[in-house]
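Participant: I would like the atomic coordinates for the input below:
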Amino acid sequence: MKKLILSVGAIGMLLGSLSAQVITTDTTTNQALNSAQNIINSDKKITIGGYGQLDYNQKMQSDARSNGVLDVHRLVLFLGYRFTDRIHFVSELEFEHVYEVGVEQAFINYRLMKGLNLRAGLMLIPMGIVNEYHESTTYNGVERPALDSKIIPTTWREMGAGFSGNIDNLALKYQVYAVNGAMGYNGGGKFRGTDGIRKGRQQGAESSMSSPNLAAKIDYYGIKGLKLGAAAYLGNTQSTLYNNLPNNDTAGLLAQADSSVVGITMFGFDARYKYKNFEARGQVIKASLSNTAQYNTLSGKDLGASLFGYYGELGYNVLSFFNKSAKQQIVLFGRYEFYDTHDKVEGDTPKNESYARTDITMGITYHITNGAALKGDFQIRDNNAKGNKAYNQVNLGVAFWF
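Facilitator: Predicted coordinates for the structure are as follows:
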């Protein structure tokens with residue numbers, strides 16, 4: 001028993017020396033930080049961290065009843081290694097819904113000089129807020145905003161390389177990457193009207209690329225408590241119809257392959273602000289997709305030619321009314337969200353009004369300590385389809401980040 005106690009104690013001390021400290025904002029530059037940046041900033045040789053969420057969702061309709069759903073939604077492990085003060089490896093391994101296993105990040109960060117880093121590997125696409133800052137205690141609501149699923153296919157990551165860094169005298173952070181595009185056609189169409197390009201994420205699993213896409217973002221952090229971001233994603237989707245395409249094309253196979261490719265131009269703007277106990281955030285996303293008429297004719301899908309969405313959220317730490325020095329926080333929040341994956345359609349594709357959706361979310365986030373929170377919210381979910389009935393949903397969750 002004594003040996004067991006000593007062994008457990010030794011393991012605990014080891015993990016304590018390796019674990020990452022959760023820091024959400026750099027106090028010097030005022031820029032937001034996530035787990036990957038915590039690993040890069042760490043002076044430890046090996047860094048271990050993680051985050052996760054456990055959810056309960058109960059759909060409530062006036063004309064039907066549904067079972068509640070209990071889910072270990074995600075359990076994520078971060079592993080980092082410091083080769084030198086300038087070279088770090090960052091990885092993120094995820095289990096979703098217990099059975100699904102994936103790699104969300106795996107890249108080398110090489111600091112070439114102050115303000116300039118070379119990154120290469122499997123990286124997050126810098127678009128919106130949640131795709132980069134998706135640790136479960138960093139946002140209000142049990143579930144992530146739906147816009148960050150239906151339009152920005154969070155968690156969106158692809159293989160590539162590029163540069164990142166800070167221009168401190170301008171309070172700017174920049175990211176520019178060349179990455180593979182989403183897989184739009186692989187034995188059939190992958191994209192669809194309800195969630196745009198989400199099903200085409202290649203996620204580093206034997207990813208195919210015919211031409212690189214561009215992903216870029218600039219963040220401004222020069223005003224204390226305020227973070228502003230502007231992002232762009234430009235390029236074409238990938239198709240397996242180009243594999244083994246004969247140079248002497250007499251059967252029109254090239255034209256068929258060309259019709260399976262969709263061009264993507266996506267722009268995003270986001271803002272976060274925190275002043276004392278008040279917090280606010282919001283974002284606007286617009287994606288224009290080209291060649292969708294040909295793509296839908298070939299694949300039989302209903303992909304929209306334009307995707308558009310936005311949300312705004314306000315929150316306040318009400319515990320400050322009762323105890324101004326409390327380290328815990330009880331944030332009451334409300335979020336209004338609109339997203340339409342059939343903002344525009346092309347060709348013979350009919351516009352589906354049920355894809356124009358509105359979510360109103362009101363709830364509470366109880367931060368019981370730094371890195372652990374209990375969440376609860378009530379949602380009113382509606383869409384623009386004629387005769388549609390809005391429904392409500394109650395969500396409860398446990399969130400952690402260490």
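Participant: In space, what's closest to the spatially most central residue of the chain - neighbours in sequence excluded?
Facilitator: Centroid check for the chain by CA atoms, centre = their mean gives N131 as the closest residue, at 2.0 Å. Nearest residue to N131, sequence neighbours excluded (CB to CB, 6 or more residues apart in numbering): T154, at 4.6 Å. C-beta: built from backbone N, CA, C; applies to glycine.
Participant: residue contacts, that neighbour?
Facilitator: T154 sits next to 128, 130-131, 134, 144, 148 when contact means CB atoms under 8 Å, 6 or more residues apart in numbering.
Participant: go with 10 Å
Facilitator: Contact partners of T154, counting by CB atoms under 10 Å, 6 or more residues apart in numbering, are 124-125, 127-132, 134, 144-145, 147-148, 198, 201.
Participant: would you say P246 is within a strand?
Facilitator: No: in this structure, P246 is coil, not part of a strand, as judged by DSSP: H, G, I helix; E, B strand; the rest coil.
Participant: Send me stretch 305-320 as PDB with only the CA atoms.
Facilitator: The C-alpha coordinates for stretch 305-320 follow below in PDB (Å, rounded to 0.1, in the frame of the first residue of the first chain):
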ATOM      1  CA  ALA A 305     -24.200  29.600 -53.900                       C
ATOM      2  CA  SER A 306     -24.000  31.900 -50.900                       C
ATOM      3  CA  LEU A 307     -23.800  31.200 -47.100                       C
ATOM      4  CA  PHE A 308     -24.300  34.000 -44.700                       C
ATOM      5  CA  GLY A 309     -24.600  34.300 -40.900                       C
ATOM      6  CA  TYR A 310     -24.000  36.500 -37.900                       C
ATOM      7  CA  TYR A 311     -24.500  36.500 -34.100                       C
ATOM      8  CA  GLY A 312     -24.200  38.900 -31.200                       C
ATOM      9  CA  GLU A 313     -23.800  38.000 -27.500                       C
ATOM     10  CA  LEU A 314     -23.900  39.900 -24.200                       C
ATOM     11  CA  GLY A 315     -22.900  38.600 -20.800                       C
ATOM     12  CA  TYR A 316     -22.400  39.900 -17.300                       C
ATOM     13  CA  ASN A 317     -20.800  38.400 -14.200                       C
ATOM     14  CA  VAL A 318     -23.700  38.800 -11.700                       C
ATOM     15  CA  LEU A 319     -21.700  37.300  -8.800                       C
ATOM     16  CA  SER A 320     -19.900  40.700  -8.700                       C
END
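Participant: Quick one: distance of that stretch to the chain centre.
Facilitator: What separates the centre of stretch 305-320 from the centre of its chain is 15 Å, taken as CA atoms, centre = their mean, to the nearest Å.
Participant: Now do the buried residues in that stretch.
Facilitator: 305-311, 313-317, 319 (16 or more other CB atoms under 10 Å).
Participant: Stretch 185-199 now?
Facilitator: Applying 16+ other CB under 10 Å to stretch 185-199 flags 185-186, 189-199 as buried.
Participant: Please apply the same query to stretch 58-69.
Facilitator: K59.
Participant: Repeat that for stretch 157-176.
Facilitator: 157-160, 162, 164-166, 171-176.
Participant: same thing with stretch 195-211?
Facilitator: 195-204, 207, 209.
Participant: And stretch 216-224, by the same measure?
Facilitator: So, applying 16+ other CB under 10 Å, buried residues of stretch 216-224: 216-221.
Participant: coming back round to it: is the residue nearest to N131 in a helix, a strand, or coil?
Facilitator: T154 is classified as coil under three-state DSSP.
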